[in-house]
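> Okay, predicted coordinates and the sequence, questions at the end:
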Amino acid sequence: MPTYGIEMRAKPILTVLRGAQGLNSPSTLTKGLPVNADAVATLKSGMVVSAAINGSTSQEEWVIGWTAGTIPYLALQDGDHFDVVSANSLVGYSCLGDFVLQTGYFKSADSYPIDTPVTLDGTTGSIKAGADANDLPIIGYITESAHDLLDGGATGYPSVSGVTSGSVVAFQTAWVTAGANHS
């Protein structure tokens, strides 16, 4: 039976505000991999993902969150998006790249003033503000503090529909390894 209307999602999709040169550009640090079967339904656009070897297939796959010893990426699509399922490949934007990324997956209890370092919130797929006491790597610096895209443009940001939470932050990707001076 056909359906119609707006499909509501929890958060806006990942927006690449700067640095996107096309997915097939050799100078863009992106990576396409299959999504781990356990993450297909729960991996959403804008989440932090890591490449991990699947023990059964011996192939790399995306898993949600950050795995120590890997470079984190942010997912461009949802794990269950028809294009991802059809191609068996989800695109991730590397934190080693030169991007400004806007995501709704961030620890909302934190404060995000401009130039605040951004680190990883474990295996949740979210980011969090500040250099961490656990000495996690820094993956970027805030360029636009937390704001709500559901305000209808009242704060100068474009409005978005189809989401239940329009709160987003934007950050410039950077990579400062764990153990480096985070000050």
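Sure thing, it's come through. Model, not experiment: these values are computed from the prediction. Numbers count the residues shown, from 1 in each chain.

> Please make it C-alpha for all contacts and neighbour counts, starting now.
Will do.

> Report the contact partners of residue 173.
95-101, 139-141 (Cα atoms under 8 Å, 6 or more residues apart in numbering).

> Same question for residue 52.
Contacts of residue 52 by Cα under 8 Å, 6+ apart are 60-63, 67.

> Tell me where the model's unsure across the protein.
Along the chain, the model assigns pLDDT under 70 to residues 1-6, 21-27, 132-134, 152-161, 179-183.

> one step back: now intersect the contacts of residue 173 with the strands, please.
In strands, judged by DSSP state E, the following of the contacts of residue 173 are found: 100-101, 139-141.

> possible to save these as JSON lines with distance to residue 121?
Shown next, in JSON lines, are the ones in strands among the contacts of residue 173 (distance: Cα to Cα, whole Å):
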{"residue": "100", "distance to residue 121": "19"}
{"residue": "101", "distance to residue 121": "17"}
{"residue": "139", "distance to residue 121": "11"}
{"residue": "140", "distance to residue 121": "13"}
{"residue": "141", "distance to residue 121": "15"}
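
> which among those end up buried?
100-101, 139-141 (16 or more other Cα atoms under 10 Å).

> just the residues you listed now: which is nearest residue 178?
Residue 178 has its nearest neighbour among these in residue 139, at 10.2 Å by Cα to Cα.

> secondary structure element for residue 150?
Counting by DSSP states H and E, no helix or strand carries residue 150.

> ditto for residue 77
Residue 77 belongs to no helix or strand when assigned by DSSP H and E.

> Is it in contact with residue 45, as I believe?
Yes - the pair residue 77 and residue 45 passes the contact test of Cα atoms under 8 Å, sitting 4.5 Å apart.

> and these two? which has more neighbours close in?
residue 45 (25 against 21; other Cα atoms under 10 Å).
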